[in-house]
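Here is the input, now give the coordinates:
(2 chains)
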Amino acid sequence: DQQVKQNSPSLSVQEGRISILNCDYTNSMFDYFLWYKKYPAEGPTFLISISSIKDKNEDGRFTVFLNKSAKHLSLHIVPSQPGDSAVYFCAASGGVTGTASKLTFGTGTRLQVTL
Amino acid sequence: DVKVTQSSRYLVKRTGEKVFLECVQDMDHENMFWYRQDPGLGLRLIYFSYDVKMKEKGDIPEGYSVSREKKERFSLILESASTNQTSMYLCASRGDWPGVTDTQYFGPGTRLTVL
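A predicted model of the protein is given here:
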């Protein structure tokens, strides 16, 4: 049972335009959400996160939006750059400490930013 | 800067061999995790540990075991490697003190091939 879903396996966007990556979840106990970026042959690196008490969090070109009622979050990258080409994973957790701190990951979306 | 290192980047083993994957973190983190990443399946949690000598099964623990004798080191053991365990294995660690986000820091990964 996939509790975190990224329904678009790939996305292609032109340089300078907006990239929107989507993620849906089914477990209402999740209260913290993260986006990770992964280049080939490297481990994922943390990008941005959002707590369930917020509906938006911004960090430079990256903004994450959370719609709790729809159990949906999205990552916006504006403007997109060629270096943003990577696989993006959405992840969720149900707490901060101990066993609740484990993350459930989505299947990933491969973003390609073209010139 | 948090550093998570994994003992090998690439490993080739034969069916039936016992395989050890080692992970070391240098940030005194309480929590450590082992994932495997497969195309179309994202990152799936195998085992995690929230303290020395403590371990919990993740979503896909079958065929694996773990050991955490020291806080900085978390080992993944494949008791008898099989071809369906060919995958990218990723280790992660995370702190557990108030005010810190749920960020997990990942190692570079070990690409294991079982022949």
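
Residue 76: neighbour count?
All of this refers to chain A. If you count neighbours by other C-beta atoms under 10 Å in any protein chain shown, A:His76 ends up with 16. For every residue, glycine as well, the C-beta is placed using N, CA and C.

oops, I was thinking of chain B
The number of residues near B:Leu76, taken as other C-beta under 10 Å, comes to 23.

What's the separation between B:Pro39 and A:Cys23?
Look at B:Pro39 and A:Cys23: by C-beta to C-beta, to the nearest Å, they are 18 Å apart.

for A:Phe65, that is, sorry about that
Counting by C-beta to C-beta, the gap from A:Phe65 to A:Cys23 is 10 Å.

Identify the residue nearest the residue of chain A found nearest chain B in space, chain neighbours excluded?
Residue nearest to chain B within chain A (C-beta to the nearest C-beta): A:Gly43, separated by 3.3 Å. Excluding its sequence neighbours, the residue lying closest to A:Gly43 (C-beta to C-beta, 6 or more residues apart in numbering or on different chains) is B:Phe106, at 3.3 Å.

Could you do A:Cys90 as well?
Closest residue in space to A:Cys90, ignoring its immediate chain neighbours: A:Cys23 at 3.4 Å, by C-beta to C-beta, 6+ apart.

Might you enumerate the residues of chain A proximal to chain B?
Counting by C-beta under 8 Å from any C-beta of the partner chain, the residues of chain A lying close to chain B are A:6, A:9, A:32, A:34, A:36, A:41-46, A:49, A:89, A:91, A:93, A:96-99, A:101-108.

tell me the contacts of B:Gly109?
With contact set as C-beta atoms under 8 Å, 6 or more residues apart in numbering or on different chains, B:Gly109 has these partners: A:41-43, B:6, B:9, B:37, B:88-90.

quick one: pLDDT of it?
On pLDDT, B:Gly109 comes in at 95.

try B:Gly99
pLDDT at B:Gly99 comes out at 50.

and residue 92, what are its bridge partners?
Picked chain A for this. Per DSSP bridges, the residues bridged to A:Ala92 are A:Phe33, A:Thr104.

The intended chain is chain B.
Residues in a beta bridge with B:Ala92, per DSSP bridges, are B:Phe33, B:Phe106.

That one against B:Tyr35, yeah?
Yes. With contact defined as C-beta atoms under 8 Å, B:Ala92 reaches B:Tyr35; the gap is 6.8 Å.

can you tell me the residue of chain B closest to chain A?
Counting by C-beta to the nearest C-beta, chain B gets nearest chain A through B:Phe106, at 3.3 Å.

What's the separation between that residue and A:Lys5?
Distance, B:Phe106 to A:Lys5, using C-beta to C-beta: 21 Å.

got it, and B:Arg44?
Taken as C-beta to C-beta, the span from B:Arg44 to A:Lys5 is 14 Å.

quick one: average confidence on the longest strand along chain B?
Counting residues, the longest strand in chain B under DSSP state E turns out to be strand B:42-51. Average pLDDT, strand B:42-51: 92.
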